[in-house]
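# next one to model:
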Amino acid sequence: MVRGLDLLSAFWRHLSSRLIKRFDPLMTAVEADLIQRQRHVDFSVFGAVPLEIYVETKEQKYLDMGKFVSDRQWENPTPEGLTSETRFWIDDMYMITAVQVLAFRATGDSKYLDRAALEMVTYLDKLAAGERFVLSRSGCAVLLGAGQRLGSCGNDGVAACTA
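Okay, the predicted model is just below:
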């Protein structure tokens, strides 16, 4: 068992070093423009990467970049206290909360965990429809369960959700 854990640990260190090697050029002036600065959940999820690297290395530059993204998500919250990046699309439940939970792991500051919890609870309250459906987009239900993913967008039966 110990040998297996040693191998797993070595493999994790290898993957971590590869991630850092791929990420570090983005911290230079030459490639910094590749990082999207637009305020949007699809771009903000990027903040999870430097936060995870910080958790692994404790190097301040990664924490600074990750906190910038996670704090920017809440610069202009909605009246309900949610991020202005809230769209109520099912994948956002992961993208928003992942950044906030990693910010909590990196800093220990419970405000990040509070944000993630509020966002997740609000998404679940709004998107849950019975026991087996989660609304993916406005008027579009996705059946979740037993390894299936069937969409229903209106009266036309099973259809792709493109709304």
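# how about the strands in the chain?
In the chain, the strands defined using DSSP state E lie at 128-129, 133-137, 140-145, 148-152.
# nearest residue to the middle of this structure?
Residue closest to the average C-alpha location in the chain (Cα atoms, centre = their mean): Met95, at 2.3 Å.
# tally of neighbours for the nearest residue to it once chain neighbours are set aside?
Spatial nearest neighbour of Met95, excluding adjacent residues (Cβ to Cβ, 6 or more residues apart in numbering): Val45 at 4.1 Å. For the C-beta atoms, the positions are set from N, CA and C on the backbone; glycine is no exception. If you count neighbours by other Cβ atoms under 10 Å, Val45 ends up with 19.
# same deal with His40?
The number of residues near His40, taken as other Cβ under 10 Å, comes to 13.
# how far away is it from Gly4?
According to Cβ to Cβ, to the nearest Å, His40 and Gly4 sit 42 Å apart.
# now the longest helix along the chain: buried residues?
Secondary structure of the chain read by DSSP state H shows that its longest helix is helix 2-23. In terms of neighbour count (16 or more other Cβ atoms under 10 Å), helix 2-23 has its buried residues at Ile20.
# can you read off the pLDDT for Ala160?
At Ala160, the pLDDT value in this model is 45.
# before we move on, the earlier item: in contact with the residue nearest to the centre of the chain, which residues?
The contact partners of Met95, by Cβ atoms under 8 Å, 6 or more residues apart in numbering, come to 41-42, 44-45.
# most widely separated two among these?
Farthest pair in these (Cβ to Cβ) is Asp42 and Ser44. Separation: 7.5 Å.
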